[in-house]
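Undergrad: Quick one, structure for this:
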Amino acid sequence: MKKSITILALFISIVFYGQNHTVIGKWKTIDDQTGKAKSIVEIYERSGKIYGKIIDILDAEKKKNLCVNCPGDEKNKPVIGLVIIKGLTKDGNEYNSGKILDPTSGKLYKCFLALEGNDKLKVRGYVGVALFGRTQTWNRVK
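TA: You can find the predicted model right below:
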């Protein structure tokens, strides 16, 4: 009986440990220029790829904003519900080979994500080479 309880406890701790070491979840975006929290993005997996959509905007005056500068089908759609992280794949400790959309400018950038500990996510959007871009640090929402 003791052995069964020990194995069960070990299994449960592994499950919880694994959940915290993934980019999947809800993240509070922090503007790299102002340092202010802007939105909540939910990152999820679909068909083996990583995606992220805006589920909340923290500035009440901007909650009803539309993505007026976005390209294609996303033009003039509400920012809340907009998929901004698209098609990343896991590569070692990073997620890359996908795109990130800046809903303010409507521009698409190459993107990579990397966890820093359990509760911080480094998000880098860039053009061409990762050297030319911006990095934000997002905080996990608990």
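
Undergrad: Asp102 - how many residues pack around it?
TA: Residues lying near Asp102 (other CB atoms under 10 Å) number 15. For the C-beta atoms, the positions are set from N, CA and C on the backbone; glycine is no exception.

Undergrad: should've said Pro71
TA: Counted with other CB under 10 Å, Pro71 comes out at 11.

Undergrad: so it sits right up against Leu108, yeah?
TA: Yes - assessed by CB atoms under 8 Å, Pro71 is found in contact with Leu108 at 7.1 Å.

Undergrad: which residues of the protein fall in helices?
TA: Under the criterion DSSP state H, the chain contains helices at 2-20.

Undergrad: which residues in it form strands?
TA: 25-30, 37-46, 49-57, 83-91, 94-102, 107-116, 120-126, 133-140 (DSSP state E).

Undergrad: model confidence over the third one, on average?
TA: Averaging the model's pLDDT scores along strand 49-57 yields 98.

Undergrad: Does anything pack onto that strand? Which helices or strands?
TA: Counting contacts by 3 or more CB pairs under 8 Å, 6 or more residues apart in numbering; DSSP states H and E, strand 49-57 packs against strand 37-46, strand 83-91, strand 94-102.

Undergrad: Same check on the second one?
TA: If you count contacts as 3+ CB pairs under 8 Å, 6+ apart, strand 37-46 packs onto strand 25-30, strand 49-57, strand 83-91.

Undergrad: mind redoing it with 7 Å?
TA: Using 3 or more CB pairs under 7 Å, 6 or more residues apart in numbering; DSSP states H and E, the elements in contact with strand 37-46 are strand 25-30, strand 49-57.

Undergrad: go on, the shortest one?
TA: Using 3+ CB pairs under 7 Å, 6+ apart as the contact criterion, the neighbours of strand 25-30 among helices and strands are strand 37-46, strand 133-140.

Undergrad: what do you get for the last one?
TA: Under the contact criterion of 3+ CB pairs under 7 Å, 6+ apart, strand 133-140 touches strand 25-30, strand 120-126.

Undergrad: out of those strands, nearest to Leu82?
TA: strand 25-30 (12.6 Å; CB to CB).
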